[in-house]
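> got a structure for you, letters missing:
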């Protein structure tokens with residue numbers, strides 16, 4: 001169980017770091033400061049990064065928190081992930 005907690009913690013940290021990099025790349029490309037890649041011309045990558053990160057953080061909160069916070073934070077993260085995926089699916093720009 002401790003190995004699973006460490007893996008989830010590491011994955012959530014990596015996902016948060018990658019999402020931060022994606023946000024920076026998207027803003028730099030969208031506002032035409034520099035061109036990085038066609039993938040960063042829309043907010044699709046940000047939505048995907050936020051969705052994956054929030055799922056991992058919801059799982060992380062289930063393992064690491066106690067009491068009401070355990071469920072409250074997990075539900076909030078899961079709702080944010082569902083909204084991100086919903087907006088991806090409906091092509092909200």
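Okay, I see it. Here the structure is a predicted model, which means the values were calculated and not measured.
> Strands along the chain, start to end?
Ranges of strands in the chain, per DSSP state E: none exist.
> which stretches of it form helices?
Secondary structure of the chain by DSSP state H: the helices cover 2-30, 44-64, 67-89.
> List just the one of the ones you listed that sits closest to residue 36.
Nearest of those to residue 36, taken as CB to CB: helix 2-30 at 4.8 Å. The C-beta positions use only the backbone N, C-alpha and C, and glycine is treated the same way.
> ok so, going back, reformat the helices of the chain as JSON lines; add mean pLDDT, distance to residue 36 and mean neighbour count.
Output for the helices of the chain, formatted as JSON lines (pLDDT from 0 to 100; distance: least, CB to CB, whole Å; neighbours: other CB atoms under 10 Å):
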{"stretch": "helix 2-30", "mean pLDDT": "94", "distance to residue 36": "5", "mean neighbour count": "14"}
{"stretch": "helix 44-64", "mean pLDDT": "95", "distance to residue 36": "10", "mean neighbour count": "20"}
{"stretch": "helix 67-89", "mean pLDDT": "95", "distance to residue 36": "20", "mean neighbour count": "14"}
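> okay if I get these as JSON lines plus distance to residue 38?
Compiled in JSON lines, the helices of the chain are given as follows (distance: least, CB to CB, whole Å):
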{"stretch": "helix 2-30", "distance to residue 38": "9"}
{"stretch": "helix 44-64", "distance to residue 38": "11"}
{"stretch": "helix 67-89", "distance to residue 38": "17"}
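> of those, which approaches residue 37 most closely?
Nearest to residue 37, of all those, is helix 2-30, at 7.1 Å by CB to CB.
> what separates the residue lying closest to residue 45 once chain neighbours are set aside from residue 43, distance-wise?
Closest residue to residue 45 apart from its sequence neighbours, by CB to CB, 6 or more residues apart in numbering: residue 22 at 5.0 Å. Relative to residue 43, residue 22 is positioned 10 Å away (CB to CB, to the nearest Å).
> same check, this time on residue 89
Separation of residue 89 from residue 43 (CB to CB) stands at 14 Å.
> Setting aside sequence neighbours, what's the nearest residue to residue 57?
residue 77 (4.7 Å).
> Which residues are in contact with that neighbour?
When contacts are counted by CB atoms under 8 Å, 6 or more residues apart in numbering, residue 77 touches 54-55, 57-58, 61.
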